[in-house]
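Participant: Sequence first, predicted coordinates after that:
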Amino acid sequence: MTPPIGSQLVDLGSALLLLTCFGIVAQRRLSACVDLFALQSIFLALTATLVALLTGIHHIYIAAALTIVIKAIVIPRILKKVIERLNVSRELVMNINVPASLLICGVLVMVAFLITQPIIPFGHLLTRDSLAIALAIVLIGFFTMIARQKAVTQMIAFLVMENGLFLGATAATYGMPLIVELGVFFDVLVAALIAGIYTNRLQDAFDSVDTAHLSELKE
Amino acid sequence: MSDFATTIAISLLLLAPLVAGGLSLLLSSSRWLHVTNLTSMGTLVAAEVMITRSVFAQGSVTALGEIVYIDALSSVILFIIGTVGLACSLYMRSYMDEQVVHGVIAPKRLNLFFFLFHMFLLAMVTATVANSLGVQWVAIEATTLATTFLIAFWRRRESLEAGWKYLILCSVGISLALFGVVLMYYSSLRVLGDVSSALNITQLQQVAEQLDSHILKLAFVFLFVGYGTKVGLVPMHSWLPDAYTEAPAPVAAMLAGVLETVAVYAILRCRGIVDQAVPPDFTGGLLAGFGLVSFALAAFFILVQHNYKRLFAYSSIEHMGLAMVGFGVGGPIGNFGGLFHLVNHAFAKSLAFFAAGNIHRRFKTVEIDEVRGLTTVLPWSALALLIAGLALAALPPFALFSSEIQIVTALGSSGPPGDWTSQGARFLVVILLLGSLIAFAGLLYRITGMVWGIAPKGVVPGEQWSVGHVPIIFLGAVLVGFCWALPPPLQQLFDTASTLLVKR
C-alpha cells in the first residue's frame, strides 16, 4: 500500500470516529448511545490496526485488541446492564438541545484544528490530520459531559474522551509505551466499573440517575 | 549507602501498601486491620528515610530498571506522604473503631475501607517515584478511582453526590492531562526516536532543550489544567468543598494534605522539563496567575462559610493558590517558600481535619453556629482546632507564617513572571496581603466562636484520652517548631529540592 492511500485510509477512520461522536450527541436513546460508543471503539481499533499494519509497530496490535475487548464488548455490556437495571431508556434532560449541541460541536471541531495547526507539520506523514480530529473528539466528549445530565450519558462522554485520547496517542506518536497504554486501559475499565456501581447507588438513594437531583450540597 | 540497599528500600516503599491492601481484604477483625495498617505505614516511613539518605549521598536515585526516579523534590513529597499517612493511621485507630461501635458502618465494611486506603497510598507513592510521565498519569488517575468510594463511604445522599462530582470532574480533568502527556511524548519522540523510555523524566531532562517549544507549551497547558483540577485551583475547584465535607475525617486529611501536594508535584515535574525549552515566564505566569485567582476567591469564600469542614476546604484552595504563586514567581525564595508552604499546609490541614472529625462525632453537626464551648466539651480538640486555625490563618509563631512571608517577599522583590511594571507588581502584592487579611479574619472569627462560649444542651462534655490524640499533639508541636528551626536534614532536603526547581 502506498503511503498516500494509507494516510487517506487513516484519515477516513478518524473521520468515522468523529462522525459517531456527532451521532452520540444527536441521540436521545441511551442504548443507542451505548451502541454508537461500541461502534466508535471498533472504528478506533480498525484505525489503530491500520496504523500498525502500515508502520510495522507491533505493540499497537495489542492496544487495538484490548480496545475491542474492553471498549467494544465489556464496557458496553456493563452500561447496558446499568440501563436495564435503572429502567431509563431516554435522555430527557438536556441542558442544550440537539440542534444547538450539533452546532457547538461543529465549532469545537474548528477550534481543535485551529489549536493544533502550529504543531501538525511536525507529525508523521501518515497520521498528520488525526491529531486535530483526536482533540476535536476530546473536546466534544468534554462538552457532552456538560450538556447532558444522566449519569449514564456522562459516563459515555468520559469514554468518548478516552477514545479521542487513544486516537491522539496513536496518531501523534504511533502509540504510547505499552506499560502506559496498559495502565490507561486498566484505569478506564475500573472507572467504568465504579461508575456502574455508583449509578446503582445513586438510583437507590435518589430514585433517579438525573444528576440535576444532585443539588443538596450548596454554599 | 549501597545501590542494593536502596533498591530494597524502594521495593519496600511500593510493596508495603500493596501487601497491606491485599491483607486487609482477608482480615476481618478491626484490631488486626489496624496492626497491618500501622506496620505498613511504619515500613513506608522507614523506607522513605533510607531513600532520602541515599538521595543525599547521590543526588538522585534511579532503580528497578529506570522505572523509579527519586530526587530531592520527590523525597520532600515522600516525606509528606509518610508523615501525614502515619498521623492518619494513628488517628484512624480511635476514629474508625468508634464509627463501628456507634453503628455508622458495619464491621464487615471496615476491611474495604482499609483496602481502599492502602490502594490510595500505593497510587500516591507510585505517582511520586515514577520515572515515566505516563506511569505518573496512570497513578494519579488511580488515586481518583481509589478515593471515590472513600469519599462516599458513609453512603448518605450527600456523600454519594460528593463522590459522583469528584469522580466525574477529576476523571475529566485528568483526561485533559493525558492529552498533555501524549503531546509531551510527541515532542520527545522527534528527538529521541521511538523508544519506550521517551516519556522518562531522566531522558526528557537530557534532551529538554531540543524539544519543540510550540508542542511543549500546548502540552503544559493541558497538563496544568488537568492536574490543576486535582489540586483544586479555581475554576476547577468545585468538587473540592463537597468532597472534603462528606469524606470521613482521616480521608479528608489525606486528600487535603497529601493528594493535592502530589498533584502539585506532577505539575512541577512537567514544568521542570518545559522550562528548559520555553522561557520560564510562560509556565510561571500560568502558575502565578491561577494561584492568585484561587487565593483571592477562596479568601472570600472563607469569609462567608457556615460549615466548618467547608471552611477548611476553601482554606486548602487558598493555600494551594499561595504555594502556586510561590512556584510561579520562582527564584530561590519563591521556590523554597512554595515547597515549605506545601509541607506546612499538609500538617496544618490534617490537624484541622482531625479536630473537625472529633467535633463532628460529638456535636453531630457541621454548622459553625451550632458548635459552642469546645473548651469545656472537647478541651484537647479545642486546642487542636485553635492551633490549626491560627496556623492556617498564617499567624506567628506557626510555620505557615514564615512560608507565607517568604512567598510575599519573593513576589515583592522579584515581581510576578512576565513584563509587569513595578506598579502592577505592587498591586499584586497588595492583593495578596489583602486576601490573607480576609482569610485571617474569616478563619479567626469562625474558629474563636466555636472554641469559646457555652456548650449547647445535650452535648456530653469531657474528652477521653485515646491513640488518636498522639498525632494531634505531634502535628501541633511540629507546626510551632518549624517556624523557629528546621531540623538540619530537613533544611538540607528542602534546600536541595528548591535548588532543583530553580535550576530548571
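Facilitator: That came in fine, so what should we check first?
Participant: Next, the buried residues of the longest helix belonging to chain A.
Facilitator: What stands out as the longest helix in chain A, according to DSSP state H, is helix A:178-206. Buried residues in helix A:178-206, counted by 16 or more other Cβ atoms under 10 Å in any protein chain shown: A:180-192, A:194-196, A:198-199, A:201-203, A:205-206. Every C-beta, even on glycine, is put in place using the N, C-alpha and C of the backbone.
Participant: Residue B:69 should be in a helix, yeah?
Facilitator: No: counting by DSSP: H, G, I helix; E, B strand; the rest coil, residue B:69 is not part of a helix but strand.
Participant: sorry, back to before: which strands and helices lie in contact with the longest helix of chain A?
Facilitator: Applying 3 or more Cβ pairs under 8 Å, 6 or more residues apart in numbering or on different chains; DSSP states H and E, one finds that helix A:178-206 contacts helix A:59-66, helix A:75-86, helix A:151-173, helix B:133-151, helix B:157-192.
Participant: pLDDT weak spots in chain A?
Facilitator: A:1-3, A:92, A:125, A:208-210, A:212-213, A:215-219 (pLDDT under 70).
Participant: nearest spatial neighbour of the one residue sitting closest to the centre of it, skipping sequence neighbours?
Facilitator: With distances taken as Cα atoms, centre = their mean, the residue of chain A nearest its centroid is residue A:160 (1.4 Å). Closest residue to residue A:160 apart from its sequence neighbours, by Cβ to Cβ, 6 or more residues apart in numbering or on different chains: residue A:141 at 3.9 Å.
Participant: helices and strands around the helix or strand hosting the one you found, which ones?
Facilitator: Secondary structure assigned from DSSP states H and E places residue A:141 in helix A:130-147. In terms of contacts (3+ Cβ pairs under 8 Å, 6+ apart), helix A:130-147 is packed against helix A:3-26, helix A:98-116, helix A:151-173, helix B:157-192.
Participant: Out of the ones you listed, which one sits most buried?
Facilitator: Most buried of these by mean neighbour count (mean count of other Cβ atoms under 10 Å in any protein chain shown) is helix A:151-173; its value is a mean of 27.
Participant: What angle do helix A:3-26 and that one make with each other?
Facilitator: When axes from the mean of the first three to the mean of the last three Cα atoms, to 10 degrees is applied, the directions of helix A:151-173 and helix A:3-26 differ by 160 degrees.
Participant: Pull out the CA atoms of helix A:151-173 and give them to me as PDB.
Facilitator: Only the C-alpha atoms of helix A:151-173 are listed here, as PDB (Å, rounded to 0.1, in the frame of the first residue of the first chain):
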ATOM      1  CA  ALA A 151     -25.200   9.700  34.800                       C
ATOM      2  CA  VAL A 152     -25.000   7.100  32.000                       C
ATOM      3  CA  THR A 153     -24.600   9.700  29.300                       C
ATOM      4  CA  GLN A 154     -21.900  11.400  31.300                       C
ATOM      5  CA  MET A 155     -20.100   8.100  31.600                       C
ATOM      6  CA  ILE A 156     -20.300   7.600  27.800                       C
ATOM      7  CA  ALA A 157     -19.000  11.100  27.300                       C
ATOM      8  CA  PHE A 158     -16.000  10.300  29.500                       C
ATOM      9  CA  LEU A 159     -15.300   7.100  27.500                       C
ATOM     10  CA  VAL A 160     -15.600   9.100  24.300                       C
ATOM     11  CA  MET A 161     -12.900  11.500  25.600                       C
ATOM     12  CA  GLU A 162     -10.800   8.500  26.400                       C
ATOM     13  CA  ASN A 163     -11.200   7.200  22.800                       C
ATOM     14  CA  GLY A 164     -10.200  10.600  21.500                       C
ATOM     15  CA  LEU A 165      -7.000  10.400  23.600                       C
ATOM     16  CA  PHE A 166      -6.200   7.000  22.400                       C
ATOM     17  CA  LEU A 167      -6.600   8.200  18.800                       C
ATOM     18  CA  GLY A 168      -4.400  11.100  19.600                       C
ATOM     19  CA  ALA A 169      -1.700   8.800  21.100                       C
ATOM     20  CA  THR A 170      -1.800   6.600  18.000                       C
ATOM     21  CA  ALA A 171      -1.800   9.400  15.600                       C
ATOM     22  CA  ALA A 172       0.800  11.600  17.100                       C
ATOM     23  CA  THR A 173       3.200   9.000  18.400                       C
END
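Participant: can you give me the angle that helix makes with helix A:178-206?
Facilitator: Interaxial angle, helix A:151-173 versus helix A:178-206 (the same axes, to 10 degrees): 170 degrees.
Participant: If you count neighbours, what's buried in the strand or helix carrying residue B:49?
Facilitator: Element membership of residue B:49, judged by DSSP H and E, is helix B:30-58. Residues of helix B:30-58 classed as buried: B:30, B:33-34, B:36-38, B:40-41, B:43-45, B:47-48, B:50-55 (neighbour count, 16+ other Cβ under 10 Å).
Participant: Likewise for stretch B:198-209?
Facilitator: Going by neighbour count (16+ other Cβ under 10 Å), the buried part of stretch B:198-209 is B:198, B:199, B:200, B:201, B:203, B:204, B:205, B:207, B:208.
Participant: Okay, and which of the residues you listed map to helices?
Facilitator: With DSSP H as the criterion, helices contain B:201, B:203, B:204, B:205, B:207 from among the buried residues of stretch B:198-209.
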